[in-house]
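Engineer: Turn this into a model:
(chains A and B)
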Amino acid sequence: MRTVPRWRAAALLAAAASALLALAVARWAAVRYEAAFARRSAATTAAYLALVTPPAPLGADYSLQQLFIQTRSLDALPGWTPSVEVYHGTAPLLQPGAPPLSRLVLDRLRGQSGASWGRGVALAPLFDRDRWEVVGAVAIRPAGIAPGWLGGWTLPALALFAAAALGALRAVGGEWERVRRALRAYGAAGVLFGAAAYANVQQAARASTDQWLADARLLMQESSARLPQGRPTLADLAPLAGGAQVAPGDSATTRPTRQSVGGVPSAVVEVRLSSRRWVELRTAPAEAGAPPWLALLLALALIGPLAAWVAVWVEREAARPQRLRETAAAWWFLAPATLHLAVFSFAPILLAVYASVHRWSLVEPERPFVGLANFAQLVRDPVVWISLRNTALYTLTVPVTMVVALGAALALGRRSWAARLVRTAVFLPFASSVVAVALVWQWMYHTDFGAINWMLSLAGVGPVDWLGNPNTALIALMIVSLWVQAGYQMTVFLAGLQAIPRDYLDAARVDGAGAWRRFRTITLPLLKPVTLFVFVTGIISSFQVFTYVYVLTGGGPGHATDVVAHQLYQAAWTFLQFGSASALSLLLFVVLFGATWAQLRLLERRVTYD
Amino acid sequence: MTKAGERLAIGLALLATLAMVLPFLYMLATALTGEWEAFRYPPALIPARAHLENFPAALTALPFDRFFLNSAILATCVVVGQLFTSATAAYAFARLRFPGRDRLFLCFLSVLLVPALVLLVPRFLIVNALGWVDSYAGLISTELVSVWGIFLLRQFFRTIPRELEDAARLDGAGEWTIFRRVVLPLSKPALATLAVVAFVDQWKSFLWPLVIARSTEMQVVEVGLANLHGLYYANWPYQMAAAVTATVPLLLLYLVAQRYFVRGIEMTGVT
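Structural biologist: Numbering: from 1, shown residues only, chains lettered A, B, ... in the order given. Coordinates of the predicted model:
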C-alpha cells in the first residue's frame, strides 16, 4: 500500500508537466510565426529601401543621408508596427549609440539569400542598387504578433485545468462514480486548455500573414508616391512582394482578407498605387499550416488526464497485484505490434486525410492547403471515372471464378490420389510468381506467335489482338485473374465443404434426394458464410489489382484497362501529385468500405462463436 | 455416380489440369528455345535443342543474383518480424487479462477495414520522411506486423489447454517464460503456417518494392522481372527463362510445404 502516494505524486507531476509543455510549445510555435513575419518584413523593407533611396554620387551604394531620411520616415507611416533599424555597413543609422553589427553577422548575411532570425530580431541583407553587393542590413523587431505566455484564453483555461487536475487527484481512491466524473472533467479541461493554447498559435499565424500584408501594402504605396522617376512597374514591386504574387487588382478593400484564388485559399490585400491603379498582393495564409499544432497541443494537454487515469487504475488494482503484473506484462507483449500499427497503419490514415487537402509534391517544399480541390479535380477527371468503371468490370471475375472454384471443389473433394494431383495443379498458379504468370500470359496472348491464337486458328477463328484491342484487353486480364484465383478459392471452398457433416448428405440420400437437390438444399445453404467470405475478399483484392495491369497493358490501349490502383500509382509516382493520390486513396477507401466492413463482420462472427 | 457422369468428371478434371499446367510447360519450353526459334509458327512445345544458355544470359542481363538476395532478405526479415510481433501480441490477447483488451483487439482488427492500397501513398510519405526510401529499412519496416497473423495465432493459442501453463505458473515461471517454453513449442504448426504465408506474400509482393526501391541494387525479383520485360521486350526466351527462375523457389516451397499453404488459406478463409 505504500506505493499509492507515489503514484499520486507522479500524476501531479504529470499534470504540471502537461500544462508547462503545452504552454511552452504554444509559445514556441507563436514565436516561430513571429519570426517568420519579421524575416519576411525585413526582406520587404530592405527591398523597399533599395527601391526608393537615391544612389550616392559615385558607385552603386546609397547616399547615407537619403538612407537615413527614408528609414526615419518609415516610423511615420500610419499603421506601421515593427521597430526598424538600418545598418549601413555595420553602423546603426537611427540610434548611433547602439552597438554596431558584428562583421561576422554581416558576412553571414552575404552568404544567404533570405533573412535570419535571432534574439527577437530579424536581419535582412540590404543590397546595393545593382543587387550585387551587401552594403548593410535591415533589422526588424516584431511587436504584437505572438500573444504572451498566458495571453488570450490561456489563463482562464489553465486555471480550469489546474482545478480539474486537483479535483481528480483528490477524488482518487474515493467513490468510483465520483472518480469517473472528476476524470472526465479533467479530460474535458485538458481539451479546452489545449484548444486555448492552440488559439494563440492560430492567432499568431494569422497575425503574421496579416501584418506582413499590411506592411507590404504600406511600403508599396509609399514607394509609388516617392519614386523619383515616376510610377513603379510590377517588376519594380516584385522584390517587395518576396515570394507573394502581385496581380492587377481592382477592388477597394484595404484590409487583408481571405479568399479562394483558383481553389487555393489565399490571403489577399489590395494596394493602391495611384488613383486609378490597384494591384493585388496574394500569399499563402500561414494559419493554413497551423492545424498540426492543434494535434500536438491536445496530445500534450492530455498527458495530465491520462496520467491521472493510470494513477486511478493502479490505485484500484493495487489490492490485486496479480492483475497489475498481468497488465504490465500484456503491454510489454503488445508494445511492438501496437507501436508498429500506430506508425505504419493509423498514422498513414490520418496523413492521407491531411495530404488529400493539400497540394503535396515531393519536389516542392511548399504544401499549400487547397481545401477539397484535389477531390474536385478527381471527380472532374474523366480518366478517373473510366478507371473506376474498368475496376468495377474487372471485379466481375469474382463471381465467375467462384462458380468455377466451387465446381472444382465439389468434383475434387475426394480422397483419391488423382483428385489430390488435380488439386495441386489447380493451386499451382496461385502459388507461383505474379509477374512470371503475367509474362507467360502476355507471351501466350501474342497476336502473331502466341499459343492462344494458334489454338484459335485451329478452330478457324482469326488472330485476335488480345491485349492491343480495347474490346478484349480487359477480358484478357480477367482471364488471367480467373486462372490464378480459381485455385485459391477452391481451397477455401474445400475447407468449407469438409466442415459440412456427412450425416446430413447421407440422410438426404437415403430420402432419395438427387445430387442436384442435395447440393441446393444442404450444401449451398451451409456453405453460405464461406461463399460470402470468398466473395467479399475477392471483391476487395480485385479492386486493388495492379501487377497484371502494370506488366501486361500499362493501362492501355487508350485507357481500356486503366484501373484505380494504376491511376493512384501514376498520380503519385509519375506526376508526383501526392495530395491528389491521397484523395484517390480515400475515395477507394470509401468505395470499398462496405466490402471491408462485411469482411470484418464475418471475421468477428467467428471470433465470438468459437 | 453414373458411368457417364464419372467419365465426364474425369474429362473435366483432365481439362482443368491441362489448363493449369500448360502455361507453365509453355513457359519452360520457351525458356529453352532459341531467340528466333520462338517466333516460329505454329509454335512448338518442344524446342529442337535445349538452349540452356538462355538462363545465364537472362539472369545476367540484369543483376538477378542481387534481386534474389534482396527478395530473400525482404521475405526472411518479414517472416521473422511477423512471427515475433504476431506471437507476442496474440499471446497477450489470448492469454493475459488486462483492461480494454477486447476493445484494443477490435482496434487491431479495424486495420483490416483499410485496404492495403489505401495505405500505399501515406506509408510512402512516412517512409520518405524517415529517409528510408531505396533502403532495406523502407522495404521491410512497413510489413513487420500482420493483423491476419495476430488473429491466426490468437485463435490457435486459445486452443492450447490452460492447465499446461498453470503448472508452469505454480513453478513460479513468468509470462515470458511461459510464452517461450510452453506456448511457442506447442504452436509450431500455426507458426509454420504464418511463416509460409508471410514468406510467399513478400516474395510475390510487387507494388511496394516497386515504389520504394529506386536503384537497381535494391530491386526484388518480381520488379526485376518486370524491368527485364521492359528491356528485352521482344526476347521471349530470356523473359521466360527469368520467369522460370523466379517461379522455381515458390513452387519448391509449395511442394515442400503444401500443407501449410493450404492451412494458411483455410485459417484465413474458414475456421
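
Engineer: Please name the residues that touch residue 40.
Structural biologist: The chain I'm using is chain A. Under the criterion of CB atoms under 8 Å, 6 or more residues apart in numbering or on different chains, the neighbours of A:R40 are A:A115, A:W212, A:G242, A:G243. (C-beta placed from N, C-alpha, C; glycine too.)

Engineer: oops, I was thinking of chain B
Structural biologist: Counting by CB under 8 Å, 6+ apart, B:R40 has contacts A:F449.

Engineer: Next one: it, what pLDDT does it get?
Structural biologist: B:R40 is assigned a predicted lDDT (pLDDT) of 74.

Engineer: And for A:S432?
Structural biologist: So A:S432 comes in at 89 (pLDDT).

Engineer: Look up how far B:F39 lies from it.
Structural biologist: Separation of A:S432 from B:F39 (CB to CB, to the nearest Å): 25 Å.

Engineer: Look at those two and report which has more neighbours.
Structural biologist: A:S432 (25 against 14; other CB atoms under 10 Å in any protein chain shown).

Engineer: any idea how far that one lies from A:R414?
Structural biologist: For A:S432, the distance to A:R414 - CB to CB - is 25 Å.

Engineer: now B:A213
Structural biologist: Distance, B:A213 to A:R414, by CB to CB: 45 Å.

Engineer: Looking at these two, which is more packed in?
Structural biologist: Taking other CB under 10 Å, B:A213 and A:R414 do not tie; B:A213 has more neighbours (23 against 12).

Engineer: The more buried one reaches B:G224, doesn't it?
Structural biologist: No - contact criterion CB atoms under 8 Å: B:A213 and B:G224 do not qualify, at 9.6 Å.

Engineer: any idea of the mean pLDDT in the strand or helix carrying B:L12?
Structural biologist: Using DSSP states H and E, B:L12 sits within helix B:3-31. The average pLDDT within helix B:3-31 is 83.

Engineer: Could you tell me which other helices and strands it packs against?
Structural biologist: helix A:397-411, helix A:417-431, helix A:434-444, helix A:470-498, helix B:236-256 (3 or more CB pairs under 8 Å, 6 or more residues apart in numbering or on different chains; DSSP states H and E).

Engineer: Can you say which of these is packed in most?
Structural biologist: Ranked by mean neighbour count, those are led by helix A:434-444 with a mean of 26 (mean count of other CB atoms under 10 Å in any protein chain shown).

Engineer: does any bit of it sit next to chain B?
Structural biologist: Yes - counting by CB under 8 Å from any CB of the partner chain, chain B is contacted by helix A:434-444 at A:V434, A:V435, A:A436, A:V437, A:L439, A:V440, A:W441, A:Q442, A:W443, A:M444.

Engineer: The helix or strand that that helix is followed by vs helix A:470-498, what angle?
Structural biologist: Using DSSP H and E, the helix or strand that follows helix A:434-444 towards the C-terminus is helix A:451-458. Taking axes from the mean of the first three to the mean of the last three CA atoms, to 10 degrees, one finds helix A:451-458 and helix A:470-498 inclined to each other by 100 degrees.

Engineer: how far out from the middle of the chain is helix A:451-458?
Structural biologist: Remark: helix A:451-458 is offset 51 Å from the chain centroid, using CA atoms, centre = their mean, to the nearest Å.

Engineer: I would like the residues contacting it, please.
Structural biologist: Contacts of helix A:451-458 (CB under 8 Å, 6+ apart): A:443-447, A:462-464, A:466, B:26, B:41-43.

Engineer: Just the buried ones out of those, please.
Structural biologist: Buried residues within these, defined by neighbour count using 16 or more other CB atoms under 10 Å in any protein chain shown: A:W443, A:M444, A:Y445, A:H446, A:V464, A:W466, B:Y26, B:P43.

Engineer: hmm, which two among those residues are most spread apart?
Structural biologist: A:V464 and B:Y26 (17.7 Å; CB to CB).

Engineer: how many other residues sit next to residue 196?
Structural biologist: Just going to use chain A. Counted with other CB under 10 Å, A:A196 comes out at 24.

Engineer: You answered for a different chain; I wanted chain B.
Structural biologist: 22.

Engineer: Quick check: which ranges of the stretch 201-350 of chain A have low pLDDT?
Structural biologist: A:228-231, A:251-253, A:262-263 (pLDDT under 70).

Engineer: So which residues on it come close to chain B?
Structural biologist: By CB under 8 Å from any CB, the part of the stretch 201-350 of chain A that sits against chain B consists of A:313, A:323, A:326-327, A:329-331, A:333-334, A:336-338, A:340-341, A:343-349.

Engineer: want to try JSON lines for the buried ones among the contacts of helix A:451-458, with distance to A:A36 as columns?
Structural biologist: Output for the buried ones among the contacts of helix A:451-458, formatted as JSON lines (distance: CB to CB, whole Å):
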{"residue": "A:W443", "distance to A:A36": "59"}
{"residue": "A:M444", "distance to A:A36": "61"}
{"residue": "A:Y445", "distance to A:A36": "58"}
{"residue": "A:H446", "distance to A:A36": "60"}
{"residue": "A:V464", "distance to A:A36": "63"}
{"residue": "A:W466", "distance to A:A36": "58"}
{"residue": "B:Y26", "distance to A:A36": "65"}
{"residue": "B:P43", "distance to A:A36": "68"}
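
Engineer: pLDDT check: weakest of these?
Structural biologist: Lowest pLDDT among the buried ones among the contacts of helix A:451-458: B:P43, 73.
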